[in-house]
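>>> show me how the following folds:
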Amino acid sequence: MGTGDQDQDDVVEPARPPLTAEQAREVTAGLREAMDDVRHSVALLAARVRDAHTARVWTPLGYGSWESYCDAEFAISRAQAYRLLDVARALAAIHDAVAAAPGPSRTRDSDPGAAAALDYGLSQRALIAVSSRTDTVAAVITRRLATLAHSGLTSLDEPTVRAVVRQAVRDIRTAPPPQPADPPTDPTVAALRRVVDDLAASSHAIGELMLEVAPAYLSDTDATDILELLCEEIGEPLDHGLAARRYAMSGDRRALHGTVL
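Sure, this is the predicted structure:
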């Protein structure tokens, strides 16, 4: 490090006067608005991705595949390109479940942009986390909205639908993996399966930690630069950390094959 860098580190910023409660509320309101804007942008991006992929937009432009199109036009990796599709599919499944629900709040618009019309307030990370379980999420949303509609106790207005969707996604994300329908009768196999399940659960927890440091929108390459030091600090091989991060995003154990499992 040069002397100039050291001098910059030694500079003490002048103390700022404390905020009043009213000023703190204004700052908080601005932060909340910015977060809402980001979430809405995720929904809008997902709708546009779905539209582009359905139309196979890369073909008339002379690209051989979706990933080569994304790489050339937007400079994003293959992993990012397919994560965008995961987000789009998850949001589409949620939107379809809401659209099929009874009540005046539903939207029947078939335009892909309609998926962003009702802002569910879901982050890209949340959508990626349930992208492999969209059928389950949609079924939970459909069942809960139908129950509310038939009870007559709550109108299915936008805030209610939003709350149902967010809770359903949260429940699916935190639900433990289903037990196999036919558990092995061999004690050795059963014990090995428990070890694998415990290892997968630990990897998921590590992956959640990795996502706190390197959010889901980063490619593996970009995440590597950020996570290298963290993995060294916790004594975890970098390839294991990246695999755990992918597993936390997808919920698919195949992400761990060749590394953790």
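
>>> for the rest of this, base every contact and every neighbour count on C-alpha atoms.
OK.

>>> my read: Val213 touches Leu227, true?
Yes: taking CA atoms under 8 Å as the definition, Val213 is a contact partner of Leu227 at 7.3 Å.

>>> neighbour count: the two, which is higher?
Leu227 (19 against 12; other CA atoms under 10 Å).

>>> which stretches of the stretch 101-250 of the chain form helices?
124-129, 134-151, 158-174, 187-213, 220-234, 238-250 (DSSP state H, counting those that start in this stretch).

>>> now distance to Pro18 and mean pLDDT too, for the ones you listed, in TSV please.
Written out in TSV, the entries for the helices of the stretch 101-250 of the chain read as follows (distance: least, CA to CA, whole Å; pLDDT from 0 to 100):
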stretch	distance to Pro18	mean pLDDT
helix 124-129	34	81
helix 134-151	45	85
helix 158-174	35	85
helix 187-213	29	82
helix 220-234	33	86
helix 238-250	39	85
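
>>> out of these, flag the one nearest Glu22.
Closest to Glu22 of the helices of the stretch 101-250 of the chain is helix 158-174 (CA to CA; 26.5 Å).

>>> how about that closest one: buried residues?
Going by neighbour count (16 or more other CA atoms under 10 Å), the buried part of helix 158-174 is 161-162, 164-166, 168-170, 172-173.

>>> tell me how far that helix is from the chain's mean position?
14 Å (CA atoms, centre = their mean, to the nearest Å).

>>> orientation of that helix relative to helix 238-250 in degrees?
140 degrees (axes from the mean of the first three to the mean of the last three CA atoms, to 10 degrees).

>>> now the angle from helix 158-174 to helix 134-151?
Using the same axes, to 10 degrees, helix 158-174 lies at 140 degrees relative to helix 134-151.

>>> pLDDT weak spots in the stretch 1-150 of the chain?
1-15, 103-119 (pLDDT under 70).

>>> so what's Thr259 up against?
239-240, 243 (CA atoms under 8 Å, 6 or more residues apart in numbering).

>>> redo that, cut-off 6 Å
Shown in contact with Thr259 (CA atoms under 6 Å, 6 or more residues apart in numbering): His240.

>>> so it: helix, strand or coil?
coil (DSSP: H, G, I helix; E, B strand; the rest coil).

>>> for it, phi and psi?
As for Thr259, its main-chain torsions (degrees, to the nearest 10) stand at phi -130, psi -80.

>>> also Pro60?
phi -70, psi -20.

>>> how many other residues sit next to it?
With other CA under 10 Å as criterion, Pro60 counts 9.

>>> from Ala52, how far off is it?
12 Å (CA to CA, to the nearest Å).

>>> one more: Ser131?
For Ser131, the distance to Ala52 - CA to CA - is 18 Å.

>>> can you give me phi and psi for Ala214?
According to degrees, to the nearest 10, Ala214 has phi -120, psi 90.

>>> for it, which residues are in contact?
Ala223.

>>> pick out the residue nearest the middle of the chain.
Arg125 (1.9 Å; CA atoms, centre = their mean).

>>> ok so, going back, so between Ser131 and Ala52, which is more surrounded?
More crowded of Ser131 and Ala52, by other CA under 10 Å: Ser131, with 24 against 14.
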